[in-house]
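Asker: Got a sequence here, can you build the structure:
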Amino acid sequence: MLSYQHAYHAGGPADVHKHIALARILRALTAKPRGLTYMETHSGRGLYNLNSVESLKTGEAAEGIAIADLGDEPFAETLSLVRDLNGPNAYPGSPWLAASMLREQDSMHLMELHPAEHAGLCEVLPGADIHRRDGYEGVTALSPPDPRAGLLLVDPSYEVKTEYAQAGAFVRNLMRTEWPEACALVWYPILRAGRHAELLAEMAPLSPVVHEVRFDLKGGTGMLGSGLAAVNLPRGVELG
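Answerer: Numbering: from 1, shown residues only. Prediction:
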């Protein structure tokens, strides 16, 4: 399915949860001098306007970044930078966040299958290695990357019910065969159906670190919470 567009959810509480953790991991990985590889399976368009029709329609940013206290989080620096460059309503997607924190010796490979999201991402990050292809297939094809140390973000829409198990199995298989050196961060929504249990069951052999937050989005009619499962976290990094 190619109907999902993240602009409706940009800056919501789930995004803030994910981006705080992502920035913490990137800060830790880039503290070491050696180069690293950053890859994403589902990148989106990379940059969002929280005053857009899509964002205002859901109002999720008002329940997320608008009320978040970032303190001295690494993500606070990225948010400040993106707004200095793009205005006070700008919000970075994970590709923009990563690009702002990576160094010259690092590499980045982004997968996005949706045609409009892919086109938007190419505009936001011209010159980046962006692929319009299935994210699972693309990351597998590029693995193991050079440098082999690095970070993989798996962040699908989960529009298709089977994708919970698919995402978990993908990470398990990739890290057992093609890219065992990677730190993998998987985001998932917590819904009433509880299908994220399938994802965690698939990842269980990797002993992931799991962090979940609960919230009352849209008066309880939306997501019940946001979850992160990570493997090979850098020493000292906490997801929440």
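
Asker: What is the burial count for the residue nearest to residue 98 when sequence neighbours are not counted?
Answerer: Counting by CB to CB, 6 or more residues apart in numbering, residue 38 is the residue found nearest to residue 98 once chain neighbours are left out, at 5.1 Å. (Glycine included, C-beta is placed from N, CA and C.) By other CB atoms under 10 Å, 27 other residues sit near residue 38.

Asker: Wait, a strand at residue 38?
Answerer: Yes - applying DSSP: H, G, I helix; E, B strand; the rest coil, one finds residue 38 inside a strand.

Asker: who's in contact with it?
Answerer: Applying CB atoms under 8 Å, 6 or more residues apart in numbering to residue 38 gives the contacts 26, 98, 102, 106-109, 150-153.

Asker: Which of those sits closest to residue 76?
Answerer: Nearest to residue 76, judged by CB to CB, of these is residue 26 at 13.5 Å.

Asker: what does stretch 120-129 rub up against?
Answerer: 43-47, 95-96, 99, 107-110, 112, 130.

Asker: where exactly do the strands run in this protein?
Answerer: Assignment of strands within the chain using DSSP state E yields the ranges 37-40, 47-49, 90-92, 107-111, 129-131, 150-154, 182-190, 209-214, 225-231.

Asker: correct me, but residue 228 touches residue 17?
Answerer: Yes - judged on CB atoms under 8 Å, residue 228 makes contact with residue 17 at a distance of 6.9 Å.

Asker: Quickly list what's touching both of those two.
Answerer: Counting by CB under 8 Å, 6+ apart, the residues touching both residue 228 and residue 17 are residue 240.

Asker: Next, the buried residues of stretch 131-146.
Answerer: Buried residues in stretch 131-146, defined by neighbour count with 16 or more other CB atoms under 10 Å: 131-132, 135-136, 138-140, 142-143, 145.
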